[in-house]
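>>> Next input, structure requested:
(4 chains, ligands or ions: 2)
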Amino acid sequence: MPEPLDELYRDIIMDHYRYPRGRKKLENADMRNEGQNPVCGDEIELSLKLDDGRVDEVSVECMGCAISVASGSMLVDAIKGKSLQEVRRIAAAVKAILKGEPLPEEVEMGDLEALAGVKNFPVRIKCALLSWTTLIDGIEALEEGVVANVTSTE
Amino acid sequence: MPEPLDELYRDIIMDHYRYPRGRKKLENADMRNEGQNPVCGDEIELSLKLDDGRVDEVSVECMGCAISVASGSMLVDAIKGKSLQEVRRIAAAVKAILKGEPLPEEVEMGDLEALAGVKNFPVRIKCALLSWTTLIDGIEALEEGVVANVTSTE
Amino acid sequence: MKVKEESGLSIARAGAAAGFDPEIIKADFPILSREVHGKRLVYLDNAATTQKPESVIQALDDYYRNHNANVHRGIHTLAEEATAAMEGARQKVADFIGGVKTQEVIFTRNCTEAINLVAYSWGRNNLGRGDRIVLTEMEHHANLVPWIALAKRTGAELRYIPIDNDGYLNLSDLNGIISPATRILALTHMSNVLGTINPVEEIIELAHRRGALTLVDAAQSIPHMPVNVKDLDADFVAFSAHKMLGPTGIGILYGKENILNEMEPFIYGGDMIREVRFDSATWNELPWKFEGGTPNIGGAAAFAPALDYLAGLGMDAVRRHEIELISYALDRLQNLGSLRIFGPSNPDDRGGTISFIDNEIHPHDLATILDTYGVAIRAGHHCAQPLMKRLGVSATVRASFYIYNTKDDIDRLVEALKAARRFFGNA
Amino acid sequence: MKVKEESGLSIARAGAAAGFDPEIIKADFPILSREVHGKRLVYLDNAATTQKPESVIQALDDYYRNHNANVHRGIHTLAEEATAAMEGARQKVADFIGGVKTQEVIFTRNCTEAINLVAYSWGRNNLGRGDRIVLTEMEHHANLVPWIALAKRTGAELRYIPIDNDGYLNLSDLNGIISPATRILALTHMSNVLGTINPVEEIIELAHRRGALTLVDAAQSIPHMPVNVKDLDADFVAFSAHKMLGPTGIGILYGKENILNEMEPFIYGGDMIREVRFDSATWNELPWKFEGGTPNIGGAAAFAPALDYLAGLGMDAVRRHEIELISYALDRLQNLGSLRIFGPSNPDDRGGTISFIDNEIHPHDLATILDTYGVAIRAGHHCAQPLMKRLGVSATVRASFYIYNTKDDIDRLVEALKAARRFFGNA
Ligand SMILES: Cc1ncc(COP(=O)(O)O)c(C=O)c1O
Ligand SMILES: Cc1ncc(COP(=O)(O)O)c(C=O)c1O
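Ligands and ions are numbered 1, 2, ... in the order given. Below is the predicted model:
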């Protein structure tokens, strides 16, 4: 198997792809956002329940490739229990990883580090970003008082 | 002076350009047609009086370059006294000259032979043709019962 | 302008004489000797755009190096040469599609713009509430979205000829769908997803009997098989140069002269006018009436040798070659056992474009993996989202062939698909 | 895709360092060493289209030889490279015109199509009876006919800012012309006939105070002088690549993001959509919302080195060079005594484009005669028929300069004009 592929489809990614976390729909979500990538047809539905300003429950239903599904699944693990500010920091760190930029020290990435291999596949970066963009847009809409939203990324 | 230019602007052409024939407007023309070349802005107004199926009087007012003015002026001389069928034959012969094709034997061209130099200047062929196209279109319209018309050539 | 007809063609012509030999043709396409990820490029994305032979690349070069000028309005030598190059290309197009008049050949940016031209110039002035536009379920967005927008604008109604599960048009209710209210029928000659070749002549005939105009999206047919526009009897035919060896940025709208004459212009500006006053304008003659502004002159000049190249091979031979490739590809892909393949299974009914999905690997992942093996295919909705929904998928993988593809290329595709399976199975 | 920035530029850069040297620049343009009728070509038809430097010709070649693929939708390596070439070119355009956002840079076929885009997408949805469109008497048909057609369609009224006898805009009644009913002001930055550079900032400011949108036809300004689109504060700016060293078939519409966002799309089809259903569609983000269908990818890729070339010279230096040439040309042409020269006599107020007529020789005859001397100029109405009427002529001769022109070229023009006089005087 060619080497960059091994880097892209690391075991952690494949595991999240095969067994995505947090697929259960949330009733009465505090935030719900749909994302789609019009270029490739990937679609995602993402909801959050908040508790005292922190992420209590997360649901991600993603119809897409291994990268977008795995990224969405890792998102579920990564943001649970975090404040919205921490969530934004993690999202920024994910972007940094995907662009191959240095990580801000304080953020602890866990499985998300596995996304590093994507940076060698520029056209796949949007796959990895879809869930995160959908998340951040949803949070921003929430802060403006909107609960359900639609995000499109190019 | 470069040689092809001498061929284009032969003395006969320059003479017709400087002293164009038949500029006098005709009252009660049997056929009137306006022609214009939208690409270059040349304009012509052409009228005929017929007598017993033959061209009795011709008027050509041409606003344009030396070639279009000269061609229009030579037209006046060339078609006077001719039947409409002969007029068509002359027009066809002019086209042949401009394309460098062999002339039909029977047509007697007179000054019109001087247009032969135009064939080496393809973009100027429409200048030489403007009056002739306007003439033929006008005759065709006349045969369909129209007296005044507008022709545009590209 | 002397287009170097001979230079790029000689090899292929020799090939054609000795029978159609894609290996020899390949040598005329510089990009095909390129490597991708250390492997010889296998280019199977021809439905998106084709590669260009040496003669086309050289014609572009020659145009800008020796003849470049603006057209039509110029008297100087370069302007004359540029005009000759462009009008010469128009003549070649007219000949290539069956000997139509040059007035009927309009240069646009691409197939998409050609269809928009009709939707705007004819559609917006001729459609209203109660009128019907008929399309099919297998249209590319280019022949879908302009009509959706037009329907919204005018109040006209959209109706679709459905497809059956084998990827053919279902013509059983054609009489009902192409009702007397139908003002235009617009359909693809060959599906860019399913590969299906539609019986357009027959459908056009019915539409004409109903008094409707007809437009054929020939983006996928004219590059791949003999098409005589007069035989089709379509009122409009649209296609793109870049899908038939030509450069990007140039497309064609063929339209019947009398219909084009009745239509409003589309793009207003220089070259398309007869006379302009401060408060009114009158239009130039066909085809220039529809070509406002400086055209893609270099693109037209370089499209001419593309047409020469295809004519040199013969479109019958091109079609035969593609049937051979599809037959082989269908066989080999079916044998993999892991794919769902869309479209007709009879090679005679389809072009050299095959869409499929792997039951376990998403099309994008497949595309990435294949790319690392040097195999270029396309994954996605192929600008046919409604068709994707109809097929019950969000995306497919699409391999599409052209004159320079070989059975060996298909073997490389199959090997890469197998490797992907191994990889996704064990990773 | 690695655009070969250095190759074509090195010579010119060296020249720029040593001061702006058109002789050195000339060497970068292969066509300029061509002969016409046995004489070295003197190309003075730059307002129609400019010639292309080696780097642009090579970028086209490189694109088709090494990277060609369709953009945006592709995952394979070539598609990625083609997309990078195209989006890289967009970034260069955004930088070149003053650092705007790439979302605000839309690729069209040419300047004409860019203006039509606004007239259709904004105009047809926002104008009605009682609304006013303001233009000037010196507009090119590209910025005239779309508005005439729009006015006819919507019932809006057209008004013109007049010109005075020196070829300047007469702004004395500007307040009356740009009435509160004015919805859009569209005017040229530099006249392609008179050479006049208009005070667009000031006029735009007034129009904005009246609540009107503004469009600047920058086809003749952006190629020839520093233009910062943000400083102009125009809502739309349109221009063509082929008039600034780039290939044919590619133009630019700059538009303010918020205004573009509010507008309907223009060309409907692939790539410009977000989601398509059988009965509805939603639009992609800027700039792609306005770029339906396969774009002129090769053209965009080759436009990038054109911008590099100009940026390498510096637009201030380009402008200074042209002022020098006009000053010289005005002098020499005036001295001939036989010409009527149009436009401002102060070189600071005009670009490097001079129109004139000979009192005795028709412009076409002059063009033909000059061509036999190897001098390429344009004769005709220059797509500005209403202006021609205003000037009381049916056609003019136009000489227009660019970076590679020299005083020697102007001497050649003057000698040829003299010879024409001799010829028409004695023939
Ligand atoms: C069937 C069909 N129609 C139209 C198009 C649009 O072609 P273009 O993008 O060149 O306008 C395509 C290609 O993408 C196509 O496959
Ligand atoms: C002032 C002006 N506007 C618009 C245009 C139209 O440019 P294009 O033909 O490239 O669309 C031109 C060039 O002919 C021009 O000089």
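>>> how about the helices of the stretch 101-250 of chain C, start to end?
Secondary structure of the stretch 101-250 of chain C by DSSP state H, counting those that start in this stretch: the helices cover C:111-117, C:124-126, C:145-154, C:174-177, C:200-209, C:229-232.
>>> tell me what the helix or strand bottoming out on mean pLDDT in chain A is packed against?
Across the helices and strands of chain A, mean pLDDT, DSSP states H and E gives its lowest value to strand A:148-152, namely a mean of 72. Under the contact criterion of 3 or more Cβ pairs under 8 Å, 6 or more residues apart in numbering or on different chains; DSSP states H and E, strand A:148-152 touches strand A:31-37, helix A:125-143. For the C-beta atoms, the positions are set from N, CA and C on the backbone; glycine is no exception.
>>> Quick one: closest of these to ligand 1.
strand A:31-37 (18.7 Å; Cβ to the nearest ligand atom).
>>> Hmm, C:Met315 is touching C:Asn228, no?
No. At 9.9 Å, C:Met315 does not count as touching C:Asn228 under the criterion of Cβ atoms under 8 Å.
>>> Who has more neighbours out of the two?
The residue with more neighbours, out of C:Met315 and C:Asn228, is C:Met315; 17 against 13, by other Cβ atoms under 10 Å in any protein chain shown.
>>> How many neighbouring residues does A:Ser83 have?
14.
>>> Low-confidence regions, chain A specifically.
Within chain A, the stretches with pLDDT under 70 are A:1, A:152-154.
>>> Return the residues of chain C in contact with chain A.
C:37, C:361-365, C:368-369, C:372-373, C:379-381, C:385, C:388, C:394-395, C:419, C:422-424, C:427 (Cβ under 8 Å from any Cβ of the partner chain).
>>> Can you flag which of those belong to helices?
Residues of these located in helices (DSSP state H): C:363-365, C:368-369, C:372, C:385, C:388, C:419, C:422-424.
>>> CSV for these, including neighbour count?
Shown next, in CSV, are these (neighbours: other Cβ atoms under 10 Å in any protein chain shown):
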residue, neighbour count
C:Pro363, 27
C:His364, 25
C:Asp365, 29
C:Thr368, 25
C:Ile369, 24
C:Thr372, 24
C:Gln385, 24
C:Met388, 20
C:Ala419, 17
C:Arg422, 10
C:Phe423, 19
C:Phe424, 20
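>>> Most widely separated two among those residues?
Using Cβ to Cβ, these span at most 31.9 Å, a distance reached by C:Gln385 and C:Arg422.
>>> from the residues of chain C next to chain A, which are also near chain D?
C:37, C:364, C:368, C:379-380, C:385.
>>> The residues you listed: which ones sit near ligand 1?
Taking Cβ under 6 Å from any ligand atom as the test, ligand 1 is in contact with none of those.
>>> tell me the two of the residues you listed that are most distant?
Most distant of those, by Cβ to Cβ, are C:His37 and C:Gln385, 30.4 Å apart.
>>> residue contacts, C:Met272?
Neighbouring residues of C:Met272 by Cβ atoms under 8 Å, 6 or more residues apart in numbering or on different chains: C:265, C:283-284, C:288-293, D:145.
>>> if you set the cut-off to 7 Å instead, what comes out?
By Cβ atoms under 7 Å, 6 or more residues apart in numbering or on different chains, the contact set of C:Met272 is C:265, C:283-284, C:288-292.
>>> any weak-confidence spans in chain C?
C:1-18, C:426-427.
>>> try 90 this time
Within chain C, the segments meeting pLDDT under 90 span C:1-19, C:72-75, C:271, C:273-275, C:359, C:394, C:423-427.
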